[in-house]
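Chemist: no FASTA, just this:
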């Protein structure tokens, strides 16, 4: 077995044939990579990335019903530590300047595949990848027929709320999508895609934006209504040993947070027959220009180069509304709150040496980001931020194959931030093939995350509080050690059985958090960002894939332990707190042409500590809290007709009607729980129908 063949062999995929995953073997991976293909995404009934990830093991989708959007939490670390990529380029977020990406903003209608790895990718991508990466590959359409058209209509209830009305009484979710591609020649192709997602909000016990001509506390929505547009287009050129591609993507969403109360208006001391409320309109946008070049040179050396420009912003408008007529009484101009402009570039060169016994990888990464926070009247902001931060990194690694079944991959990354200085991050991977069916891998890696703009430059002040950034912050330092065993029990056309078993330890040191600092102003509390926390996690997981001609099954389970959390240090925990997760993804294809697809996930009871102070006692009291276990289940069914041009599908979302999960103290006593988060799972059981036309 030569070096290149071994490097491919040691990259095991959590795959269950085409219906669940597309089988590919990325060159840069050092551990298990799950690839969810286009057909699997369609059969899930998913429209955005959040809906794809919600059934993945060890990934929690943190939703914000009032302000929209969804973020990830992986191994109980927030979304700063799972890097979201599109065609290998990190996506910038407008509100935290590079972190906390809204995964519900990324449409998946025009996606070729989604690659998920929980191995850190610090060597190539640095900070933000301690818990892994999610790479969304946009469809090129260069390997398909000369012309293609894809149009879809998706109608979904929001819990038990649905209609096709417009205006104040509209309910449900309504999605339309259109995509076209054209091969202009054997080498040149182009295409475009657009989708519109109208989420009319979840009313629950509230009355929406209907008229309210008296004092009320039931106006508005439990989940705010939101309209989202995603538009993208590409042009690509392929020649011998050379490929180039330009891709443009635009995201825009508009959300209105309708106040749940209104107030009586007065003329002096005389009450008027007028009731008003303040509504907040938010407009989020993101634009991405991305150029890719790749090919071969220098005796089979592979090279790639990517460059992108991204712009993102969040704007807000505050409106005073007459709730009896919904007419505007007064409004503010649409004001920019947050904005980023990022130029990002990366290049890689991979060269086989020593007759295939060595593979040398080298590359660079550049990120220059301008982050801005506006100082708008009426907000908790007293000084604008408009600063640039530049990060430059170089990395190199050598894969050495001294024996046919043994490979080492030492590597190092050296990164420099204009604010924090230069830091080195080593990496070491070891792969050993016991035989043609079993392989062991060990990965040890250090991952540094440089502080973001908000952590460095924030200055927020009101009468009672002051929060300042800290330009003396050190990078957060993550360490990961992962051991993986991969085994194929059967591998034939009739039956395939594969398993992955992994044990991993992660440590995050110098975690950036807000700290109270002494102040000379007795009426004002002073806070600043500091390198305060340490977090540790230990995870054991197993994944089994079974493939039959008509059935594809993926079953997985994990045991997760943590010490420390968002507000607590390792030393404040006396032990690891554990909980379990299991999941099953299955697709069955009937001989009649119908298919049935099921997604199931069980999350066991999760423990966490909270901390409170009982005055006048200055010591912190630690309280043990626990959330209830819960089950998530989606059932999807569909078929294709008219020579597979038309697909009809539908399903039940959230069969067990899960809405929110809260943490409660196990001692049964009332406690302060302001530092405990509520998990918003969804708005209840719902139904959807989808029609997809392909030509």
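Modeler: Everything's here; your move. None of these values were measured; they are calculated from a predicted model.

Chemist: When you work out contacts or count neighbours from here on, use the C-alpha atoms and nothing else.
Modeler: Will do.

Chemist: quick one: low-confidence ranges for the stretch 301-450 of the chain?
Modeler: Applying pLDDT under 70 to the stretch 301-450 of the chain flags residues 375-382.

Chemist: quick one: the strands in it?
Modeler: 301-322, 327-331, 335-353, 358-373, 385-403, 406-417, 421-433, 438-449 (DSSP state E, counting those that start in this stretch).

Chemist: Switch those strands over to JSON lines; also include distance to residue 590 and mean neighbour count.
Modeler: Output for these, formatted as JSON lines (distance: least, C-alpha to C-alpha, whole Å; neighbours: other C-alpha atoms under 10 Å):
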{"stretch": "strand 301-322", "distance to residue 590": "43", "mean neighbour count": "20"}
{"stretch": "strand 327-331", "distance to residue 590": "55", "mean neighbour count": "13"}
{"stretch": "strand 335-353", "distance to residue 590": "45", "mean neighbour count": "20"}
{"stretch": "strand 358-373", "distance to residue 590": "46", "mean neighbour count": "21"}
{"stretch": "strand 385-403", "distance to residue 590": "45", "mean neighbour count": "19"}
{"stretch": "strand 406-417", "distance to residue 590": "43", "mean neighbour count": "20"}
{"stretch": "strand 421-433", "distance to residue 590": "38", "mean neighbour count": "18"}
{"stretch": "strand 438-449", "distance to residue 590": "33", "mean neighbour count": "22"}
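
Chemist: Switch those strands over to TSV; also include distance to residue 248.
Modeler: Listed next are the strands of the stretch 301-450 of the chain as TSV, based on distance: least, C-alpha to C-alpha, whole Å:
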stretch	distance to residue 248
strand 301-322	10
strand 327-331	34
strand 335-353	14
strand 358-373	19
strand 385-403	24
strand 406-417	28
strand 421-433	33
strand 438-449	28
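
Chemist: of those strands, which approaches residue 505 most closely?
Modeler: strand 438-449 (9.6 Å; C-alpha to C-alpha).

Chemist: How far away from the center of its chain is the helix or strand that that closest one is followed by?
Modeler: Proceeding N to C from strand 438-449, the next assigned helix or strand is helix 453-457, under DSSP states H and E. The chain centroid and the centroid of helix 453-457 are separated by 22 Å, computed with C-alpha atoms, centre = their mean, to the nearest Å.

Chemist: cool, stretch 40-59 as well?
Modeler: On C-alpha atoms, centre = their mean, the centre of stretch 40-59 falls 11 Å from that of its chain.

Chemist: Rounded mean pLDDT for that stretch, please.
Modeler: Averaged across stretch 40-59, the pLDDT comes to 93.

Chemist: Residue 36 and residue 475, how far apart?
Modeler: 33 Å (C-alpha to C-alpha, to the nearest Å).

Chemist: for residue 118, same thing?
Modeler: Taking C-alpha to C-alpha, one finds residue 118 at 21 Å from residue 475.

Chemist: same thing with residue 677?
Modeler: Between residue 677 and residue 475 the distance is 26 Å, computed by C-alpha to C-alpha.

Chemist: Same question for residue 282.
Modeler: On the measure of C-alpha to C-alpha, residue 282 and residue 475 end up 32 Å apart.

Chemist: one step back: so residue 677 and residue 475 - more neighbours on which side?
Modeler: Using other C-alpha atoms under 10 Å, the more surrounded residue of residue 677 and residue 475 is residue 475, with 23 against 11.

Chemist: Could you find the closest non-adjacent residue to the more buried one?
Modeler: residue 450 (4.4 Å; C-alpha to C-alpha, 6 or more residues apart in numbering).

Chemist: What about the residue lying closest to residue 440 once chain neighbours are set aside, how many residues nearby?
Modeler: Excluding the flanking residues, the one nearest residue 440 by C-alpha to C-alpha, 6+ apart is residue 485, at 4.6 Å. Residue 485 has 21 neighbours, counted by other C-alpha under 10 Å.

Chemist: pLDDT weak spots in the stretch 51-200 of the chain?
Modeler: By pLDDT under 70, the weakly predicted segments of the stretch 51-200 of the chain are 93-99, 141-144.

Chemist: let's see it at 80
Modeler: Scanning the stretch 51-200 of the chain for pLDDT under 80 picks out 92-100, 127, 140-145.

Chemist: swap in the stretch 501-650 of the chain?
Modeler: For the stretch 501-650 of the chain, applying pLDDT under 80 flags the ranges 613-620.

Chemist: And the helices in this protein, which stretches?
Modeler: Taking DSSP state H as the test, the helices found in the chain are 3-9, 17-20, 38-43, 49-53, 122-125, 453-457.

Chemist: mean confidence for the second one?
Modeler: What it means is helix 17-20. Mean predicted lDDT for helix 17-20 stands at 36.

Chemist: what do you get for the first one?
Modeler: Looking at helix 3-9 alone, the average pLDDT works out to 34.

Chemist: what ranges do the strands span in the stretch 551-695 of the chain?
Modeler: For the stretch 551-695 of the chain, the strands defined by DSSP E, counting those that start in this stretch occupy 551-563, 577-589, 594-603, 607-613, 620-626, 630-641, 646-653, 660-661, 664-665, 679-680, 686-694.

Chemist: now residue 410, which residues is it bridged with?
Modeler: residue 428 (DSSP bridges).

Chemist: Number the residues from 39 up from this point.
Modeler: Sure thing, new numbering starts at 39, so read that last one as residue 448.

Chemist: Distance of it relative to residue 477?
Modeler: 19 Å.

Chemist: again, but for residue 85
Modeler: Taking C-alpha to C-alpha, one finds residue 85 at 36 Å from residue 477.

Chemist: swap in residue 173?
Modeler: 25 Å.

Chemist: ok, how many other residues are close to residue 671?
Modeler: Neighbour tally, residue 671, other C-alpha under 10 Å: 21.

Chemist: Oops, could you answer that again for residue 164 instead?
Modeler: Neighbour tally, residue 164, other C-alpha under 10 Å: 23.

Chemist: List the residues that contact it.
Modeler: By C-alpha atoms under 8 Å, 6 or more residues apart in numbering, the contact set of residue 164 is 451, 485, 486, 487.

Chemist: for residue 647, same thing?
Modeler: 611, 660, 661, 662, 663.

Chemist: repeat that for 7 Å
Modeler: 660, 661, 662, 663 (C-alpha atoms under 7 Å, 6 or more residues apart in numbering).

Chemist: Could you tell me how many residues sit around the last one?
Modeler: The number of residues packed near residue 663 is 19, by other C-alpha under 10 Å.

Chemist: Need the nearest residue in space to it, chain neighbours excluded.
Modeler: Using C-alpha to C-alpha, 6+ apart, the closest residue to residue 663 is residue 703 (4.2 Å).

Chemist: Same question for the first one.
Modeler: Taking C-alpha to C-alpha, 6+ apart as the measure, residue 660 lies nearest to residue 649, with 4.7 Å between them; neighbours along the chain are not counted.

Chemist: How many neighbouring residues does the one you found have?
Modeler: Residue 649, neighbours per other C-alpha under 10 Å, totals 19.

Chemist: Kindly provide the distance from it to residue 568.
Modeler: Taken as C-alpha to C-alpha, the span from residue 649 to residue 568 is 19 Å.

Chemist: Also residue 457?
Modeler: Residue 457 is 15 Å from residue 568, by C-alpha to C-alpha.

Chemist: Among these two, which residue is more densely surrounded?
Modeler: The neighbour count for residue 457 versus residue 568, taken as other C-alpha under 10 Å, is higher for residue 568 (21 against 17).

Chemist: What is the burial count for residue 698?
Modeler: Residue 698 has 13 nearby residues by other C-alpha under 10 Å.

Chemist: Provide a list of residues in contact with the closest residue to residue 200 other than its chain neighbours.
Modeler: For residue 200, ignoring the flanking residues on the chain, the nearest one in space by C-alpha to C-alpha, 6+ apart is residue 210 at 4.2 Å. By C-alpha under 7 Å, 6+ apart, residue 210 lies in contact with 194, 195, 196, 199, 200, 201, 237, 238.
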